[in-house]
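*Asks:* Everything below, folded, please.
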Amino acid sequence: MPGTVLSLPEFPPLLPCNVCTQEIALKNVFRKHSDTGSWLPLERDIFLAKYMGEPKSPFVVLDEYTGLISAHGYLNKRFVKEEIFNQDTLKKLGFDIKDDQLLSQHTFEQAIVILSDIAKNIKEKNITTRKNRGRVLEVLAAGTRALVDSNKGKAYEPAAKESMAASVDGGEPKNEKLPRKSKRTKVRQNEIFGGPLYLKTSEANNLYRDISDLYYHYMENRNKFSANFPAIIRMSLRMLAEVAANEDGQAISKYLQSNYKEAAKTFDRDTKTTLSNYNIRENTITQLIQTGAHAYSSSNNIEQTVAISIALGAIVTLTHGKV
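*Replies:* Residues are numbered from 1 along each chain as shown. Now for the predicted structure:
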């Protein structure tokens, strides 16, 4: 305003400044965080590889290819890095790392089975520094051990960089081969789509994986998001339904209603109860999916969103599932 005199703060005539080379600065940063323990193993290894000229550790390479460690804090431990996800143990499990590349004797789905079992045992503390130390393979389920054993002798092939974070959550390991219309296992609380879907390569599959990753990121960081964030996931379900319908050559309403009855045959009793509680039926599924395209307050209900995703997941599996 005219006539207003701005009062500037006073500064000392000399300001202390620590000027050093980049090499010294990086060493100081590394020493500070390493000594205080403010970095977890993954962050420490990433810094060493990116700024200190160190080779990537198997821990870093595994996370770059699968996204597992950065997504699940219970895996980002020194013990896990040094005694489970190290070169020797990974080799016993049918994985190898060469030239910063993850190699595997297993298919993507088989790798999920194996890593799910490992994550489950770590999360449930069946493998610790005091319990079953050095016995990773022996602790795994009999079916998982048989899978590892059956692939011994196969050539190591480069693994695809594809996130497993939504499929590997430390729960029960999933069956490698899931028929398109097989009975679903009991749905665990807050599990999007009722569990992993095994879809053929398609835009619907890409979108399904993105939604799963987004959902699990939200669940692990809920305090960082507003109460309205679940509406974004709800809207994405509508997008998935539209993409799947287009790929199947149908309008979205016809796609949902014509496939619902057949998809419902895969539901167990608990799943049917869950869907009934949220009024999800053949004649309501289209309206509930379409609601997600608008910012209605009901779209913020994460529990209903998960229930809708279970029904949609069964429909998409019916039309896009791997045979």
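*Asks:* Okay, now the unreliable bits of the protein?
*Replies:* 1-12, 15-18, 26, 29, 33-38, 166, 169-190, 292-299, 323 (pLDDT under 70).
*Asks:* Mind doing that once more with 80?
*Replies:* 1-39, 162-191, 291-301, 322-323 (pLDDT under 80).
*Asks:* what's the domain layout of it?
*Replies:* 22-28+36-172, 178-323 (automatic domain parsing).
*Asks:* need the ones you listed in a markdown table with mean neighbour count, can you?
*Replies:* To be clear about C-beta, it is placed using only N, CA and C from the backbone, and glycine gets the same treatment. As requested, the domains of the chain are exported to a markdown table (neighbours: other Cβ atoms under 10 Å):
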| stretch | mean neighbour count |
| --- | --- |
| domain 22-28+36-172 | 17 |
| domain 178-323 | 18 |
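*Asks:* With respect to Leu14, which of those domains lies nearest?
*Replies:* Among these, domain 22-28+36-172 comes nearest to Leu14, with 21.7 Å by Cβ to Cβ.
*Asks:* distance between that closest one and the chain's centre?
*Replies:* 14 Å (Cα atoms, centre = their mean, to the nearest Å).
*Asks:* go on, stretch 247-267?
*Replies:* 26 Å.
*Asks:* Can you list the neighbours in contact with it?
*Replies:* 181-184, 202-204, 241-242, 244-245, 272, 275, 281-283, 285-286, 289-290, 311-312, 314-315, 317-320 (Cβ atoms under 8 Å, 6 or more residues apart in numbering).
*Asks:* Among those residues, which are located in helices?
*Replies:* 203-204, 241-242, 244-245, 272, 275, 285-286, 289-290, 311-312, 314-315, 317-320 (DSSP state H).
*Asks:* Just say helix, strand or coil for Gln304.
*Replies:* helix (DSSP: H, G, I helix; E, B strand; the rest coil).
*Asks:* so how far is Ser236 from the nearest residue to it once chain neighbours are set aside?
*Replies:* Distances taken as Cβ to Cβ, 6 or more residues apart in numbering place Tyr278 nearest to Gln304, at 4.9 Å, with adjacent residues excluded. Going from Tyr278 to Ser236 by Cβ to Cβ, to the nearest Å gives 18 Å.
*Asks:* mind putting the domains of the chain in TSV, distance to Pro13 included?
*Replies:* Shown next, in TSV, are the domains of the chain (distance: least, Cβ to Cβ, whole Å):
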stretch	distance to Pro13
domain 22-28+36-172	26
domain 178-323	43
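*Asks:* circling back to that earlier point, how much space between the residue nearest to Gln304 and Val148?
*Replies:* Applying Cβ to Cβ to Tyr278 and Val148 gives a distance of 40 Å.
*Asks:* swap in Val168?
*Replies:* 16 Å.
*Asks:* check contacts around the closest residue to Leu207 other than its chain neighbours.
*Replies:* Spatially, and ignoring its direct neighbours in sequence, Leu207 is nearest to Leu240 (5.0 Å; Cβ to Cβ, 6+ apart). Counting by Cβ under 8 Å, 6+ apart, Leu240 touches Ala204, Leu207, Tyr208, Ile211, Leu312, Val316.
*Asks:* cool, Lys77 as well?
*Replies:* Per Cβ under 8 Å, 6+ apart, neighbours of Lys77: Leu40, Pro41.
*Asks:* distance of it from Lys32?
*Replies:* Taken as Cβ to Cβ, the span from Lys77 to Lys32 is 21 Å.
*Asks:* quick one, phi psi at Ala227?
*Replies:* The phi/psi pair for Ala227 (degrees, to the nearest 10) reads phi -70, psi -10.
*Asks:* That one and Ile302 touch, don't they?
*Replies:* No. Contact criterion Cβ atoms under 8 Å: Ala227 and Ile302 do not qualify, at 9.6 Å.
*Asks:* where along this structure do the strands fall?
*Replies:* Per DSSP state E, the chain carries strands over the ranges 95-98, 101-104, 157-158.
*Asks:* Can you add distance to Ala25 and give these back as TSV?
*Replies:* Below are the strands of the chain laid out as TSV (distance: least, Cβ to Cβ, whole Å):
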stretch	distance to Ala25
strand 95-98	30
strand 101-104	31
strand 157-158	36
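*Asks:* for these, which one sits closest to Cys20?
*Replies:* The nearest among the strands of the chain, by Cβ to Cβ, is strand 95-98 at 34.8 Å.
*Asks:* Give me the nearest residue to Asp210, chain neighbours excluded.
*Replies:* Ser236 is the one closest to Asp210 (Cβ to Cβ, 6+ apart), at 7.7 Å.
*Asks:* so what's that neighbour up against?
*Replies:* Ser236 neighbours (Cβ under 8 Å, 6+ apart): Leu207, Asp210, Ile211, Leu214, Gly292.
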